[in-house]
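A.B. asks: Only the shape, not the letters, is given here:
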């Protein structure tokens, strides 16, 4: 029996993948953000309706003494846009494929994709045109 489909399951799986991402920087005591924090910050942006994820999280932190980046994604420190770019640019897209395949397999095993199958069992998949 597969695990229940939930946001917590999804976050746990992306943490598993993001924990294994390489860090190509030379060690320095001045390193402030981890690659994982940068990836989570970039990923969390998709769950925000604010044009500036970082500014929104900082305002929430000031007003409520906590923010969604911490409570939903486990991000301790939120890197800036430039820091996120600098940390993520060297990463190959293939490093993220396990996140998608894990999610797909979980959805398939749980029967959540049945309603999206059509002619001869093919799966209908919308694409956003980035590739």
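C.D. replies: Structure's in. What do you need? A quick note: this is a predicted structure, and the numbers were derived from the prediction, not measured. Numbers count the residues shown, from 1 in each chain.

A.B. asks: Excluding sequence neighbours, find me the nearest residue to residue 69.
C.D. replies: Counting by C-beta to C-beta, 6 or more residues apart in numbering, residue 69 lies nearest to residue 75, which is 4.1 Å off, once chain neighbours are set aside. The C-beta positions use only the backbone N, C-alpha and C, and glycine is treated the same way.

A.B. asks: ditto for residue 83
C.D. replies: residue 33 (5.9 Å).

A.B. asks: circling back: for the residue nearest to residue 69, what is the enclosing helix or strand?
C.D. replies: For residue 75, there is no enclosing helix or strand under DSSP states H and E.

A.B. asks: OK, contacts around it?
C.D. replies: By C-beta atoms under 8 Å, 6 or more residues apart in numbering, the contact set of residue 75 is 37, 40-41, 44, 69.

A.B. asks: possible to save those residues as CSV with secondary structure, neighbour count and pLDDT?
C.D. replies: Below are those laid out as CSV (DSSP: H, G, I helix; E, B strand; the rest coil; neighbours: other C-beta atoms under 10 Å; pLDDT from 0 to 100):
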residue, secondary structure, neighbour count, pLDDT
37, helix, 22, 88
40, helix, 24, 87
41, helix, 25, 81
44, helix, 19, 77
69, helix, 26, 81
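
A.B. asks: In CSV, list these along with distance to residue 26.
C.D. replies: Output for the contacts of residue 75, formatted as CSV (distance: C-beta to C-beta, whole Å):
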residue, distance to residue 26
37, 18
40, 23
41, 22
44, 27
69, 27
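
A.B. asks: what's the farthest-apart pair in those?
C.D. replies: 37 and 44 (10.2 Å; C-beta to C-beta).

A.B. asks: tell me the residue furthest from the middle of this protein?
C.D. replies: Distance to the chain centre peaks in the chain at residue 120, reaching 32.7 Å (criterion: C-alpha atoms, centre = their mean).
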